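K.L.:
here is my input, please return the structure:
(one chain, ligands or ions: 2)
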Amino acid sequence: MFELDHALLGRSLLNIRSLSDAELAYMVELAIALKARRKAGIRGDLLRRMNIALIFEKSSTRTRNSAAVAVRDEGGNAEFLTGHDTHFGVKESVADSARVLGRLFDGILFRGFKQGTVETLAARSGVPVWNGLTDESHPTQFLADMMTMREAFGDVRGKTMAYVGDGRNNVANSLMMGCAKAGINFVNVTPRELFPSEALVGEARAIAARNGCSVRVETDPKAGVKGANVLYTDVWVSMGEEDKKAERLALLRPYQVNAALCEATGNLGGALIFLHCLPAFHDANTEVSRETGALEVTDEVFEAPFSRVFDEAENRMHTIKALYVSALCREPGF
Ligand code: CP
Ligand code: NVA
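P.N.:
Ligands and ions are numbered 1, 2, ... in the order given. Okay, here's the model as predicted:
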């Protein structure tokens, strides 16, 4: 039986800081157990009659559907709300909507612009709140990334991840903090103009020091990825930053993840995986990539046997389910 840690009942995930190092590792082990349970064909009752509100200000394929399937798998329900068809944050303050929704729902998953919104939801709703992406952070994504590394390598400690691309976006921020907590060496490979905030790098370095790993920021792609076990990239233009497109393309074209960059890790042939949070521009088949040529990864790498992007996408569901179960389920285990 997988024993549930009831110390996590009622807990929110607003950013990676919300979990201690040990709780982060526990969450991934819980997700692995829940994945095995689903693969064994068990759709249980761990979240029986629970209602989760999914508030989305930005588009989503993985997060929205993972968040809905995760609760339905275990006997609960999800209600999808957008900024357009509710009063949320427009005709009603976030604090007031939070107090209403907290009386109706057992938990709230939010995706949107401001980190402050997810924090107000957590402070005022009285129920667990999970951050499904803000401009600043994407913590539920990191759980799936760590789970995918755990499946690929067994132990993640001492492995090295090189994130290549927009070094100050939500995904990069959460990877940097998460890797430091998990004992994974992290290299942020990005042009100077897109360096992460010094405060965040300082915080991640202090965490890394206690876990025997390192956090580096590098501008040179080939030097930066040397020794990497995980090559990770994300889109060059995040949601809400569309006006920065021309500038980003000019800065990031030299940072495309391609075969030569994989070769430069020195770990091709077993000790390297490729990850991407998705959605990805990896060919010229989408209207946007045809128009802009914004291809952060080549087809060759995206489709390579060492690319784990679809396992990673599936793991979004198992890890979000782990968050729900740890925060809401009072059973001793399963
Ligand atoms: N990775 C991720 O968050 O995907 P969606 O934007 O599709 O939710
Ligand atoms: N950095 C990307 C991640 C999408 C999952 C964005 O914010 O658009």
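K.L.:
neighbours of the residue lying closest to residue 69 once chain neighbours are set aside, how many?
P.N.:
The shortest distance from residue 69 to any non-neighbouring residue, by Cβ to Cβ, 6 or more residues apart in numbering, is to residue 317 (5.5 Å). Just so you know, the C-beta spots here come from the backbone N, C-alpha and C atoms, and that holds for glycine as well. By the criterion of other Cβ atoms under 10 Å, residue 317 has 23 neighbours.
K.L.:
also residue 239?
P.N.:
17.
K.L.:
and it, what pLDDT?
P.N.:
Predicted confidence (pLDDT) for residue 239: 97.
K.L.:
can you pull the contacts of the residue lying closest to it once chain neighbours are set aside?
P.N.:
Spatially, and ignoring its direct neighbours in sequence, residue 239 is nearest to residue 58 (4.8 Å; Cβ to Cβ, 6+ apart). With contact set as Cβ atoms under 8 Å, 6 or more residues apart in numbering, residue 58 has these partners: 111-113, 133, 239-240.
K.L.:
how close does residue 311 sit to ligand 2?
P.N.:
Separation of residue 311 from ligand 2 (Cβ to the nearest ligand atom, to the nearest Å): 16 Å.
K.L.:
name the helix or strand for the residue nearest to that residue when sequence neighbours are not counted, please.
P.N.:
In space, and not counting its chain neighbours, residue 311 is closest to residue 148: 5.3 Å by Cβ to Cβ, 6+ apart. Residue 148 belongs to helix 139-153 when assigned by DSSP states H and E.
K.L.:
any residue of that helix up close to ligand 2?
P.N.:
No - using Cβ under 6 Å from any ligand atom, helix 139-153 stays clear of ligand 2, with a minimum separation of 6.6 Å.
K.L.:
could you give the mean pLDDT of that helix?
P.N.:
On average, helix 139-153 scores 98.
K.L.:
elements contacting it?
P.N.:
helix 21-39, strand 129-131, helix 170-182, strand 273-276, helix 309-328 (3 or more Cβ pairs under 8 Å, 6 or more residues apart in numbering; DSSP states H and E).
K.L.:
what's around the closest residue to residue 43 other than its chain neighbours, how many residues?
P.N.:
Spatially, and ignoring its direct neighbours in sequence, residue 43 is nearest to residue 73 (5.3 Å; Cβ to Cβ, 6+ apart). Other residues near residue 73 come to 20 when the count uses other Cβ under 10 Å.
K.L.:
residues of the stretch 51-200 of the chain that sit close to ligand 1?
P.N.:
Contacts of the stretch 51-200 of the chain with ligand 1, taken as Cβ under 6 Å from any ligand atom, map to 60-63, 133, 141.
K.L.:
what's the ChimeraX line that selects buried ones from these?
P.N.:
The following ChimeraX line selects those of those that are buried, judged by 16 or more other Cβ atoms under 10 Å:
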select :60,62,63,133,141
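K.L.:
inside helices: which ones of the residues of the stretch 51-200 of the chain next to ligand 1?
P.N.:
In helices, defined here by DSSP state H, the members of those are 62-63, 141.
K.L.:
strands of this protein, start to end?
P.N.:
For the chain, strands defined by DSSP state E occupy the ranges 51-56, 77-82, 107-111, 129-131, 160-164, 185-189, 215-218, 230-233, 273-276.
K.L.:
would a markdown table of the ones you listed with mean pLDDT and mean neighbour count be doable?
P.N.:
Formatted as a markdown table, the strands of the chain follow (pLDDT from 0 to 100; neighbours: other Cβ atoms under 10 Å):
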| stretch | mean pLDDT | mean neighbour count |
| --- | --- | --- |
| strand 51-56 | 98 | 23 |
| strand 77-82 | 95 | 16 |
| strand 107-111 | 98 | 27 |
| strand 129-131 | 98 | 29 |
| strand 160-164 | 99 | 26 |
| strand 185-189 | 99 | 26 |
| strand 215-218 | 98 | 18 |
| strand 230-233 | 98 | 28 |
| strand 273-276 | 98 | 24 |
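K.L.:
please identify which of these is closest to residue 14.
P.N.:
Set against residue 14 and scored by Cβ to Cβ, those come closest in strand 129-131, at 5.2 Å.
K.L.:
who touches the residue most central in space within the chain in this structure?
P.N.:
By Cα atoms, centre = their mean, the chain has its centre lying nearest to residue 141, at 1.2 Å. Residues near residue 141 by Cβ under 8 Å, 6+ apart: 63, 133, 171, 174, 277, 316.
K.L.:
ok, those vs residue 189, which is closest?
P.N.:
Nearest to residue 189 among the contacts of residue 141, with distances taken as Cβ to Cβ, is residue 171, at 13.6 Å.
K.L.:
just to check, that closest one is in contact with residue 277?
P.N.:
Yes - counting by Cβ atoms under 8 Å, residue 171 touches residue 277, with 5.3 Å between them.
K.L.:
for the helices and strands packed on helix 139-153, which one sits closest to residue 252?
P.N.:
Closest to residue 252 of the helices and strands packed on helix 139-153, according to Cβ to Cβ: helix 170-182, at 12.2 Å.
K.L.:
does that closest one come close to ligand 2?
P.N.:
Yes - using Cβ under 6 Å from any ligand atom, helix 170-182 reaches ligand 2 at 170-171.
K.L.:
for residue 328, grab the count of nearby residues.
P.N.:
Neighbours of residue 328 under the rule other Cβ under 10 Å: 22.
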